[in-house]
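Chemist: from the sequence below, what's the structure:
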Amino acid sequence: MLKFFKIIGYLEAISAIVLFFIAMPLKYIWEDPTWVTHAGRVHGGLFVLYVVILYILKDKYNWSMTIFWIFFVAAIIPGGTIWAEKKFIEGKKYKQLLSEEK
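Modeler: Residues are numbered from 1 along each chain as shown. Coordinates of the predicted model:
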């Protein structure tokens, strides 16, 4: 489940970057809102999936509310999920859990 969470985190970060730095400039510079519509839907779906999985993992691994809120706030910042994953999941404790899930 942690591996899936990492993948969704990376996809969510990429979708946020595409939305904010490609789709939105296209909308406001060239007045083409279609990219924002599609990128926004993808990003929104990935964000919701990320938060649901985060809540499941919080219960499964007994994460504190502090860790939960760090991951949640990181999901709001474009690319923040990658930082949070590197900071907290790549630690020794969770590397062992990842290897056990294979």
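Chemist: which stretches of this structure form helices?
Modeler: With DSSP state H as the criterion, the chain has helices at 2-18, 24-29, 34-61, 65-76, 80-84, 92-101.
Chemist: and the average pLDDT for stretch 48-63 is what?
Modeler: Averaged across stretch 48-63, pLDDT comes to 92.
Chemist: contacting residues for W63?
Modeler: The contact partners of W63, by CB atoms under 8 Å, 6 or more residues apart in numbering, come to L57. Glycine gets a C-beta too; all of them are placed from N, C-alpha and C.
Chemist: next up, phi/psi of it, please.
Modeler: When quoted as degrees, to the nearest 10, the phi and psi of W63 stand at phi -70, psi 150.
Chemist: make TSV from the helices of the chain and add mean neighbour count to it.
Modeler: Converted to TSV, the helices of the chain look like this (neighbours: other CB atoms under 10 Å):
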stretch	mean neighbour count
helix 2-18	18
helix 24-29	13
helix 34-61	16
helix 65-76	15
helix 80-84	20
helix 92-101	11
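Chemist: show me where pLDDT drops low in the chain?
Modeler: 91-102 (pLDDT under 70).
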